[in-house]
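Peer 1: Below is the structure, and that's it, no one-letter string:
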């Protein structure tokens, strides 16, 4: 086989890998990017971007069907699923910068060698990729994750879909079971329900959205139930059987009782894990743990010239975190003094309608850790802009320590994902809650609820 040498080899062209390439691309460095599938990774092609595109379309459809309360008469609001899918693919192409081939050609013009294929370590500096050997001085592993597929009797034989297939279905099923009640499962539940599918969410644990504030998660689930989504906790999928064109699910309850559910399709949303087997990390001596590749605060592995960034480290499986880690890993790879990753204020959101967003600690976590705190609240039912737009569901909740530092911020609201930004900035910059309370914001806006919540805190 031929052999190529590079100063930096980045494995994975998702958010972490792409940002690493951008950060390292200077001073005439010889850089290669390896991708086994399509440039852009999961988020662009099968995750964040297509799902948010579909959620937005579903929201527009829902608004059109419930426009009478605004004095509007829309006689017919229906979805053309083929056109909906076509737009989602157009959005992906636009965000990628063209087709996969066009995006690869653009990188090549920038001096980046794009290598298509599966990367596999031969030694700690040498890898095999698509029939050739690659030797690299520095390596960044950013291969992302894959959907967890549980060992359920009959599941493989009956068939299922993951997020990858869910965003490109040629036809919609009539009945859908979603296995997993985390953010991914709940987002897909609302999206498919609004397109007219009968959706049932089955969560094995005792709580839906178990990483969120219990009060706000409960309110969101109540709203989704009112939309017609069936959500069950303490429901473990035990067996799947083909029943003609349908699938018969055997579900065990917490009581031990079992019953059956018949659906047309099953969507797995039980989490994601790093796909490491094909890398043969043992050949490089890279240590791994239960959650992925082990790294230090600077994202360096136990092998000095190898770094890892993004979902493959399983610290935070979010695109915005992966992008920042990719940049940091690339900078650290060529820096004399490596810098640690700053994870003081990591935000995330469940992009439902209304959205549920948070940063920092929940009340449950603070109580468990024995940390004293104060709570500030603002209801959107008392926000003028929310009343104007008919979006009065939800609230802002701020959690503050006895010195006025923000420990956590939680928002359930229309555009709650965007409204979280000032709280994230305040936490990142150590701005006290008193400054949020004293900040003048335009009237009438949803953002005023953040200030109101800050004003309600008694110090």
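Peer 2: Arrived safely. Values in this document were obtained by computation on a predicted structure and should not be read as measured data.
Peer 1: which helices and strands does the helix-or-strand element of the chain with minimal mean pLDDT pack with?
Peer 2: Lowest on mean pLDDT, DSSP states H and E among the helices and strands of the chain sits helix 41-45, with a mean of 86. For helix 41-45, the packing partners by 3 or more CB pairs under 8 Å, 6 or more residues apart in numbering; DSSP states H and E come out as helix 15-24, helix 81-96, helix 163-166. Every C-beta, even on glycine, is put in place using the N, C-alpha and C of the backbone.
Peer 1: what's downstream of that helix, the next helix or strand?
Peer 2: helix 48-65 (DSSP states H and E).
Peer 1: any idea how far that next one is from the chain center?
Peer 2: Relative to the centre of its chain, helix 48-65 is centred 17 Å away, using CA atoms, centre = their mean, to the nearest Å.
Peer 1: Same question for it: list its buried residues.
Peer 2: Using 16 or more other CB atoms under 10 Å as the burial criterion, the residues of helix 48-65 that qualify are 48-59, 61-63.
Peer 1: now stretch 330-349
Peer 2: Within stretch 330-349, the residues that qualify as buried by neighbour count (16+ other CB under 10 Å) are 330-334, 338, 341, 345-349.
Peer 1: Now do the helices in the stretch 301-450 of the chain.
Peer 2: Counting by DSSP state H, counting those that start in this stretch, one finds helices in the stretch 301-450 of the chain at the ranges 319-333, 363-369, 384-389, 416-419, 421-428, 433-438, 448-455.
Peer 1: returning to that earlier point: and for the least confident helix or strand of the chain, what are the contacting residues?
Peer 2: The list of residues contacting helix 41-45 from outside it, by CB atoms under 8 Å, 6 or more residues apart in numbering, reads 12-15, 17-18, 37-38, 49, 92, 95-96, 144-145, 163-164, 319, 322.
Peer 1: List the buried residues of that helix.
Peer 2: 41-45.
Peer 1: separation between the most centrally placed residue in the chain and residue 346?
Peer 2: The structure's the chain has its C-alpha centroid closest to residue 318; by CA atoms, centre = their mean the separation is 4.8 Å. In this structure, residue 318 lies at 7 Å from residue 346, with CB to CB, to the nearest Å as the measure.
Peer 1: hmm, back to that, just give me how far the least confident helix or strand of the chain sits from the chain centre.
Peer 2: A distance of 10 Å separates the C-alpha centroid of helix 41-45 from that of its chain, computed with CA atoms, centre = their mean.
Peer 1: do the same with stretch 397-406
Peer 2: Average the C-alpha atoms of stretch 397-406, do the same for its chain, and the two points are 27 Å apart (CA atoms, centre = their mean).
Peer 1: ok, and what's touching it?
Peer 2: Here stretch 397-406 makes contact (CB under 8 Å, 6+ apart) with 213, 215-216, 360-363, 366, 371-377, 407-411, 423, 426-427, 430-434, 436, 450, 453-454, 457, 459.
Peer 1: Just the buried residues of these.
Peer 2: Buried, going by 16+ other CB under 10 Å: 213, 215-216, 360-363, 366, 373-374, 376, 407-411, 423, 426-427, 431-433, 436, 450, 453-454, 457, out of these.
Peer 1: Contacts only, for residue 171.
Peer 2: Taking CB under 8 Å, 6+ apart as the contact definition, residue 171 lies against residue 81.
Peer 1: try residue 426
Peer 2: The neighbourhood of residue 426, defined by CB under 8 Å, 6+ apart, consists of 406, 432-433, 435-436.
Peer 1: If we use 6 Å, what do you get?
Peer 2: The neighbourhood of residue 426, defined by CB atoms under 6 Å, 6 or more residues apart in numbering, consists of 406, 436.
Peer 1: That one and residue 411: what is the separation?
Peer 2: Applying CB to CB, the value for residue 426 to residue 411 is 13 Å.
Peer 1: what's the answer for residue 141, then?
Peer 2: When CB to CB is the yardstick, residue 141 and residue 411 sit 34 Å from each other.
Peer 1: between the helices and strands packed on helix 41-45, which gets nearest to residue 391?
Peer 2: Between residue 391 and the helices and strands packed on helix 41-45, the shortest separation by CB to CB is 23.5 Å, and it involves helix 81-96.
Peer 1: and the closest one, what does it pack onto?
Peer 2: helix 48-65 (3 or more CB pairs under 6 Å, 6 or more residues apart in numbering; DSSP states H and E).
Peer 1: and the helix it packs on, average pLDDT?
Peer 2: What helix 48-65 shows for mean pLDDT is 96.
Peer 1: what residues does it touch?
Peer 2: Counting contacts by CB under 6 Å, 6+ apart, the residues outside helix 48-65 that touch it are 74, 77, 79, 84, 88, 91, 95, 167, 191, 194-195, 319, 351, 353.
Peer 1: one more time with 8 Å, if that's ok
Peer 2: In this structure, residues lying in contact with helix 48-65 by CB under 8 Å, 6+ apart are 43, 74, 77, 79, 84, 87-89, 91-92, 95, 163, 167-168, 187-188, 190-191, 194-195, 319, 351-353.
Peer 1: How about stretch 439-452?
Peer 2: Under CB under 8 Å, 6+ apart, the answer for stretch 439-452 is 378-380, 382-386, 388, 391, 395-396, 398, 411, 413-415, 419, 422-423, 436-437.
Peer 1: where exactly do the helices run in the stretch 51-200 of the chain?
Peer 2: Assignment of helices within the stretch 51-200 of the chain using DSSP H, counting those that start in this stretch yields the ranges 81-96, 100-109, 155-158, 163-166, 183-194.
Peer 1: Hmm, residue 172 and residue 264 touching each other?
Peer 2: No. Under the contact definition of CB atoms under 8 Å, residue 264 does not touch residue 172, with a separation of 9.1 Å.
Peer 1: picking up where we left off before, export the buried residues of stretch 330-349 to a markdown table and tack on distance to residue 292 and pLDDT?
Peer 2: Compiled in a markdown table, those are given as follows (distance: CB to CB, whole Å; pLDDT from 0 to 100):
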| residue | distance to residue 292 | pLDDT |
| --- | --- | --- |
| 330 | 19 | 97 |
| 331 | 21 | 97 |
| 332 | 18 | 97 |
| 333 | 19 | 96 |
| 334 | 24 | 95 |
| 338 | 20 | 95 |
| 341 | 15 | 96 |
| 345 | 22 | 95 |
| 346 | 17 | 96 |
| 347 | 21 | 97 |
| 348 | 18 | 95 |
| 349 | 23 | 97 |
